[in-house]
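1. coordinates only, no sequence provided:
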């Protein structure tokens, strides 16, 4: 998951990066960091810590983070630990000078690459797969940083968006399949922004330019202020992650030319059109927030009234991306509250974006029935998650996935719903559009990067 941002050519680079990370806080809660510098700076400075953007960056931090170039990161761990040592950016010195790196994604061959580097004498400071790239760059014999980066990337496999900041240049790379989103915007106050999601562009007053192409490397420098584009690999099939539209992204983002809110609403409509059993339900209620657009779509297609039967405390973060089950359980209780006066005695259609482990769904159903709901019919606006994802989603083993280990009837019994239905894979493809082959590895087990 994670959020990354790069700013080039603006004297308020660090503050703009901080604002962009604030807009993308939903992509990671564990830690945040920014590296800043530029052609007039003598060094790169990094400030990072565990916690939210609003807590880590202050005026004192911005006094340190000077320069017209910055990169930033919000952390959601799929590799490494939740310690501050595994926060990004990662800054290092090597033969050609200083670099700082941020990464969104997951390298599927990280363990083999890491062991080979250790055997060759590398000493690792973190548990993150991101550090592999730094060691590969440092050990390369190429004379220019761009060539070191290019050579190093040939040894990495998986889903990745990298931003690499040197003292004078900003390098931006998207993997050849384009699994994770990455977009370019032009700042009206001068310079450019590259970020995981377009939802941050309005906040920093930037105009969308285009998405970074799969397999593309952009180089921002004084020689090429509008960015030099180099296609490193254009031979792979474009496979953007479907889960970005289902859950990860903010609904006001446009990812690879498609609006997230509109896609989620289409998922809800498709779910309703194939659901004929509960037309006498009293209301459709979403599990906020990512379930809201799908619930609206379901309500429109079914004719059942839409109501906000569950209220969310927005000062509590997302539950799925918490690193432990105990933390996820606590957050469900803190985050969601039923509208008892609205739902008491009613037949409910409850729309959620997905079921991963099943524990959150079970607590939601119990909460609604404890509040007096007569029936709770659970509807899921995505297919069954039956396969681990190794491309940046924290579902590493089948044993964690309730739909991989149980039948639909067993899952329904476990969450104690009166009925349970999922969006089909074919309907998901229809909702997203059949113009591209989305990565649906969690649903179909198609590991196109081995």
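-> Cool, got the structure. Here the structure is a predicted model, which is why all the values come from computation and not from measurement. Residues are numbered from 1 along each chain as shown.

2. what's the mean pLDDT across the helix or strand containing residue 15?
-> Here residue 15, judged by DSSP states H and E, is contained in helix 13-23. For helix 13-23, mean pLDDT is 98.

3. next: stretch 309-317.
-> Per-region confidence: stretch 309-317 scores 78 on mean pLDDT.

4. can you check stretch 180-197 too?
-> Mean predicted confidence for stretch 180-197 is 98.

5. before we move on, what about stretch 96-109?
-> Averaging pLDDT along stretch 96-109 gives 94.

6. coming back round to it: so how far is the helix holding residue 15 off the chain centroid?
-> Between the centre of helix 13-23 and the centre of its chain there are 17 Å (Cα atoms, centre = their mean, to the nearest Å).

7. what's that helix packed up against?
-> Packing partners of helix 13-23 (3 or more Cβ pairs under 8 Å, 6 or more residues apart in numbering; DSSP states H and E): strand 3-8, strand 31-37, helix 53-56, helix 59-64, strand 69-75, strand 192-195. Every C-beta, even on glycine, is put in place using the N, C-alpha and C of the backbone.

8. rerun that using 7 Å as the cut-off
-> strand 3-8, strand 31-37, helix 53-56, strand 69-75, strand 192-195 (3 or more Cβ pairs under 7 Å, 6 or more residues apart in numbering; DSSP states H and E).

9. between those, which gets nearest to residue 272?
-> Residue 272 lies closest to strand 3-8 among the helices and strands packed on helix 13-23, at 32.2 Å (Cβ to Cβ).

10. what average pLDDT does that closest one get?
-> Mean predicted confidence for strand 3-8 is 98.

11. quick check: neighbours of that strand in the sheet, parallel or antiparallel?
-> Strands that pair with strand 3-8, judged by DSSP bridges, come out as strand 69-75 (antiparallel), strand 192-195 (antiparallel).

12. want to try CSV for those, with mean neighbour count and distance to residue 162 as columns?
-> Formatted as CSV, those follow (neighbours: other Cβ atoms under 10 Å; distance: least, Cβ to Cβ, whole Å):
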stretch, mean neighbour count, distance to residue 162
strand 69-75, 31, 10
strand 192-195, 26, 11
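
13. will you turn those strands into TSV that also has distance to residue 447?
-> Conversion of those to TSV gives the following (distance: least, Cβ to Cβ, whole Å):
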stretch	distance to residue 447
strand 69-75	25
strand 192-195	28
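
14. out of those, flag the one nearest residue 11.
-> Residue 11 lies closest, by Cβ to Cβ, to one member of the strands paired with strand 3-8: strand 69-75, at 10.0 Å.

15. adjacent strands (with direction) for the longest strand along the chain?
-> In the chain, with assignment by DSSP state E, the single longest strand is strand 97-107. Under the criterion DSSP bridges, strand 97-107 sits next to strand 90-94 (antiparallel), strand 158-165 (antiparallel) in its sheet.

16. of all the ones you listed, which lies closest to residue 244?
-> strand 158-165 (11.1 Å).

17. what residues sit buried inside the helix or strand containing residue 311?
-> Assigning secondary structure by DSSP H and E places residue 311 in strand 310-312. Using 16 or more other Cβ atoms under 10 Å as the test for burial, strand 310-312 gives residue 310.
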